[in-house]
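Chemist: Next input, structure requested:
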Amino acid sequence: MSSMKLNLDGAEMMARKRLARRMVDFETIYVLHRDDRKGYLLLLALEEEQWRILESISLDHSRDRMEELHEMPIDKDGIEAIRMALKHWTAANPPGRPAKYDPDQEGQEIFVYHVYGGKTIRAIAKDMHMGPATVQKLLNRVRFKVADQFVEGELPLEPGAPNYEQNLGVLRWAAKNSTGETRARYTDFLKAALLEI
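Modeler: Model (predicted):
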């Protein structure tokens, strides 16, 4: 079975008392699906050679109803169906959170907002519904791309242009945050560009 074994901490055991009492009867428990925001657990458990599906829902603690627990026994065919569904699900949904954005498109927007618009990482993260680390990662990626475009002559670096100082800042950042030959390439280009002024 490719799903993970159940491991509940003390607080969750208190919120799921029915499940906690029932757990002592099971030899093995696997988590088929978990949604912490909804307090939802879908489990596969083995009890005396009988497999069972358990659904545990942690409810609103401000009301008297703390938890719902539903059980259903399943046979070998049901186990095989679950095994196949899990295999298909894990192949279709690789581990990790899927990206909710197009890195190139959002990266360009972040770059423009930050470099040319002067917007802070935190403000951009809030506006774009991303974490600050994600914004920083996308920004840095585009900074290197733009620096490469200046060095390779794909973008002009013209003194007197409205964004000239910001563009020099991108090249300085790229030189400072790179190493080896790449750093030397950015540095040499920057020196040549500054001598032309």
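Chemist: Count the neighbours of the nearest residue to Arg172 once chain neighbours are set aside for me.
Modeler: The shortest distance from Arg172 to any non-neighbouring residue, by C-beta to C-beta, 6 or more residues apart in numbering, is to Leu190 (6.7 Å). (Glycine included, C-beta is placed from N, CA and C.) Leu190: 19 surrounding residues under other C-beta atoms under 10 Å.
Chemist: can you check Asn140 too?
Modeler: Asn140 has 16 neighbours, counted by other C-beta under 10 Å.
Chemist: Same check on Lys137?
Modeler: For Lys137, the neighbour count with other C-beta under 10 Å is 14.
Chemist: Glu158 now?
Modeler: Neighbours of Glu158 (other C-beta under 10 Å): 12.
Chemist: Doesn't it belong to a helix?
Modeler: No. Glu158 is assigned coil when assessed by DSSP: H, G, I helix; E, B strand; the rest coil, not a helix.
Chemist: Surely it touches Tyr164?
Modeler: Yes. If you go by C-beta atoms under 8 Å, Glu158 and Tyr164 touch, sitting 6.5 Å apart.
Chemist: Helix or strand with the lowest mean pLDDT in this structure?
Modeler: strand 4-5 (a mean of 52; mean pLDDT, DSSP states H and E).
Chemist: From Phe189, how far out is Glu158?
Modeler: Going from Glu158 to Phe189 by C-beta to C-beta, to the nearest Å gives 14 Å.
Chemist: Any regions of this structure where pLDDT drops low?
Modeler: Along the chain, segments meeting pLDDT under 70 span 1-14, 60-65, 77, 79, 81-102, 196-197.
Chemist: switch the cut-off to 80
Modeler: In the predicted model of the chain, residues 1-17, 33-38, 41, 58-66, 75-105, 161, 195-197 satisfy pLDDT under 80.
Chemist: That one: helices as residue ranges?
Modeler: For the chain, helices defined by DSSP state H occupy the ranges 10-15, 17-23, 76-92, 103-111, 121-128, 132-151, 164-176, 180-195.
Chemist: and for the fourth one, what are the contacting residues?
Modeler: If I follow you right, that is helix 103-111. With C-beta atoms under 8 Å, 6 or more residues apart in numbering as the test, helix 103-111 has contacts from Ile124, Met128, Met130, Val135, Leu138, Leu139, Arg141, Val142, Arg143, Val146.
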